[in-house]
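> Next comes the sequence, and after it the predicted model I'd like to discuss.
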Amino acid sequence: MRKAAILFLILYAAAGCTHKAVVSSAETVSIVQTDSRYDYLLAEALRQKYVGDLNDAAILFEKCIEIDKSRAVPWFELAQIYSAAGMGEMAVKYASAAARLEPGNYWYQLACGSLFTQYQQKDSSLVYFTRALKADSRAVEVNGILAGLYAENGEIDKADSLFRVIDREGAMSDDMFLMMISGLIMKGDLDEAARRTERLIAKEPGEMRYKALLADIYFVNGLEEKSDSIYKEIIAQDPDNIETQLLYLMNLVYKKEYPGNPVFLNNVFESELVERERKVAVAGRLLRDTVYVRENYESLGESLKILEGKYPLDEEILSMRPAMYEVAGRTEEAIRRYEELLRTVRPGFYLSERLILLYAGEREYKKLFDLAALYSRENNRSILGKVYYAIAAMELKEYEIADAELKKALILAGNNEEIKVQVLSMMGDLKYRMKDFEGAYAFYEEALVISPEETLVLNNYAYFLAERDRDLMKALKMADKVMEKEGDNDTYIDTYAWVLYKMGKYRSAYSAMMRIFEKEGERDPEVLEHMGYILKAMGKCNEAVDYWRSALDLDSTKTYLEEEIIECERD
């Protein structure tokens, strides 16, 4: 609850600062004498920007930089344009240049810090917000932002010193106070947290939220009786007050003492007095408790329907009930609800993403193909859309589509090496299915250059080498490396055993496979098939036939095993 408050303030402040930074650059810098061409281009660029022709404006600002790289205005204006276009790296690059060129310009430092915060580069944002404060020491709001960032970074003492400055200035907001107290709690200074909260209660004795906060501090400090007495006092004073009910409900949720009767929860969801964000926070906390959801999913579902009725167009709230079905293990109900919502909710990107993942998990490849194709077109910069569209296309043998989508995903991955390795591995799998074996091996090699220890790539590469009886010693070394890291994974054990089988080491292969069959659980038809071949090679045809028949029962497409069974029975 408190960490959420910290994050909210940072995002709020960052958003506020970014908005505040969108002012005419001519107002924030000294006008410098320059050649007439630069002046003309800059004036024209600003005009194009303010009439909405951002592409033309960007071209003109770039020309200004070509003429004179030492002036901050065009760098700053381009940063705003790139930020609005969602081009984070470019926005940060250009804002940083403007901030470096004019270190005393408050707005440039503030905008740069806000961008770095937006793109989760908190260490850099701290630098620029600190410079903004140097440029304008009276900027109390920057103190608040810095304090929040320090708190998020775990630098509690620095955060607390800034909060005390803000408090002395009389500018402490409720959110800042909550951040200050949560920082003290994280530091373990619960006594000081309680003292400051008690002082605030003395100033505002009628504010129930501060009393609830004090009760929470007591609870964390092991003073459960004092905590319970405060909450009993809160609910007794005004049991019909919705704010009181919400505080009491949150206390029960926090302690995981969930009420069997959902009256309080329904009252909170129905109330016009409780803000949407607080309702969402309560629902989200309940949904994260797997045990509670599985035991109470029917009553919780009814409560969520009340919330949906209050916000019928709110995608986040509408997504909560199918999310609850997921947590409860009711995948079919989740799929039906997501499908129902996507018929009316637009753009529905989050709903589409959840449904894409569920279709993939259930191997509903035709549905996955159709949905991922639509999602990929409508959300063209989504790697998830490209990758899952490719997965569905591969399973449906639409190899050209899969190849095109994976190439797009590789471009979108940019410098993210982890994603690049995953996409390259998939491209290797695709090329192998297309019987372009050399192409497949080349993609695996490229992936291993980036991440030599990536188990998935090592496993797949080893398996496909073994399938083609190629470089079996190399395949064994890779499989050995995988087993050292994840030796209990059935898929990886199967690959290791298959490499040994291909090398003629049948007994070693059998011993490895028995590690899988000694476990409880469902059997993979591929593993059953491989065990049959190993047993046949060891001269145990009767046992091999049993495994092959089991494989056919689970996967009727493995018709080629029928010939193996006939041959074994003949022998």
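Now that the structure is in, tell me what you want to look at. Numbers count the residues shown, from 1 in each chain.
> Just list the residues touching residue 370, thanks.
Residues in contact with residue 370 (Cβ atoms under 8 Å, 6 or more residues apart in numbering): none are found. C-beta here means a position set from N, CA and C on the backbone, and glycine is covered the same way.
> Tell me how many other residues crowd residue 512.
Residue 512 is flanked by 23 other residues according to other Cβ atoms under 10 Å.
> One more: residue 505?
Look at residue 505: counted by other Cβ under 10 Å, it has 17 neighbours.
> For the remainder of this discussion, apply numbering that starts at 288.
OK, 288 is where the count begins now, so the last one is residue 792.
> What's the per-residue pLDDT of it here?
pLDDT for residue 792: 96.
> do residue 817 as well
If you check residue 817, the pLDDT there is 96.
> what helix or strand does it sit in?
Assigned by DSSP states H and E, residue 817 belongs to helix 812-824.
> and residue 340, what are its phi and psi?
phi -90, psi 80 (degrees, to the nearest 10).
> hang on, the earlier thing: how far does the helix holding residue 817 sit from its chain's centre?
Centroid separation for helix 812-824 versus its chain: 40 Å, with Cα atoms, centre = their mean, to the nearest Å.
> Next, the buried residues of that helix.
Within helix 812-824, the residues scored as buried using 16 or more other Cβ atoms under 10 Å are 812, 814-824.
> what packs against it?
helix 777-789, helix 793-804, helix 828-841, helix 847-857 (3 or more Cβ pairs under 8 Å, 6 or more residues apart in numbering; DSSP states H and E).
> ok, of those, where does mean pLDDT dip lowest?
Looking over the helices and strands packed on helix 812-824, mean pLDDT reaches its minimum on helix 847-857, with a mean of 88.
> Could you check the angle that helix makes with helix 812-824?
30 degrees (axes from the mean of the first three to the mean of the last three Cα atoms, to 10 degrees).
> Please identify the buried residues of helix 847-857?
848, 851-852, 855.
> Does residue 855 touch residue 823 like I think?
Yes: in this structure, residue 855 is within contact of residue 823 by Cβ atoms under 8 Å, at 6.3 Å.
> and for these two, which residues touch both?
residue 831.
> who touches residue 671 in this structure?
For residue 671, the contact set (Cβ under 8 Å, 6+ apart) comprises 640, 643.
> For residue 476, see how far away it is.
42 Å (Cβ to Cβ, to the nearest Å).
> go on, residue 848?
Here residue 848 is placed at a distance of 68 Å from residue 476 (Cβ to Cβ).
> same check, this time on residue 487
Distance of residue 487 to residue 476, computed by Cβ to Cβ: 16 Å.
> Where does residue 561 sit: helix, strand or coil?
coil (DSSP: H, G, I helix; E, B strand; the rest coil).
> wait, doesn't it sit right on residue 533?
Yes: Residue 561 is in contact with residue 533 according to Cβ under 8 Å; the separation is 5.8 Å.
> who touches both of these two?
residue 555.
> higher neighbour count, the two?
Each of residue 561 and residue 533 has its neighbours counted (other Cβ under 10 Å); residue 533 has more, 25 against 18.
> Does that one lie in a helix or a strand, and which?
With DSSP H and E as criterion, residue 533 is part of helix 529-541.
> any idea which helix or strand comes after that helix?
Sequence order places helix 550-557 as the next helix or strand after helix 529-541, per DSSP H and E.
> list the helices and strands that following helix packs on?
When contacts are defined as 3+ Cβ pairs under 8 Å, 6+ apart, helix 550-557 packs onto helix 529-541, helix 563-574, helix 577-597.
> With mean pLDDT and distance to residue 747 added, can I get the ones you listed in JSON lines?
Output for those, formatted as JSON lines (pLDDT from 0 to 100; distance: least, Cβ to Cβ, whole Å):
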{"stretch": "helix 529-541", "mean pLDDT": "73", "distance to residue 747": "44"}
{"stretch": "helix 563-574", "mean pLDDT": "88", "distance to residue 747": "35"}
{"stretch": "helix 577-597", "mean pLDDT": "90", "distance to residue 747": "32"}
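> Tell me which of these sits most buried.
Mean neighbour count (mean count of other Cβ atoms under 10 Å) peaks for helix 529-541 among the helices and strands packed on helix 550-557, with a mean of 19.
> show me the contacts for the closest residue to residue 654 other than its chain neighbours.
Nearest non-adjacent residue to residue 654, counting by Cβ to Cβ, 6 or more residues apart in numbering: residue 646, 5.0 Å away. Neighbouring residues of residue 646 by Cβ under 8 Å, 6+ apart: 622, 652, 654-655, 658, 679.
> circling back: look at residue 487 and residue 476 and report which has more neighbours.
Neighbours were counted for residue 487 and for residue 476 using other Cβ under 10 Å; residue 487 has more, 20 against 15.
> tell me the phi and psi of that one?
According to degrees, to the nearest 10, residue 487 has phi -70, psi -40.
> number of nearby residues for the residue lying closest to it once chain neighbours are set aside?
Take residue 487 and drop its neighbours on the chain: the residue closest to it by Cβ to Cβ, 6+ apart is residue 497, 5.4 Å away. Residues contacting residue 497 under the criterion other Cβ under 10 Å number 22.
> Which of the three states applies to residue 497?
Three-state assignment for residue 497 (three-state DSSP): helix.
> Give me the distance between it and residue 538.
Taking Cβ to Cβ, one finds residue 497 at 14 Å from residue 538.
> Which secondary structure elements does the host helix or strand of residue 472 sit against?
Element membership of residue 472 [criterion: DSSP H and E] is helix 461-474. In terms of contacts (3+ Cβ pairs under 8 Å, 6+ apart), helix 461-474 is packed against helix 289-308, helix 427-439, helix 443-455, helix 477-490, helix 495-507.
> and if we set it to 6 Å?
helix 289-308, helix 427-439, helix 443-455, helix 477-490 (3 or more Cβ pairs under 6 Å, 6 or more residues apart in numbering; DSSP states H and E).
> buried stuff in the helix or strand following the longest one?
Using DSSP H and E, the helix or strand that follows helix 289-308 towards the C-terminus is helix 323-337. The neighbour-count criterion (16+ other Cβ under 10 Å) identifies 325, 328-329, 331-333, 335-336 as the buried residues of helix 323-337.
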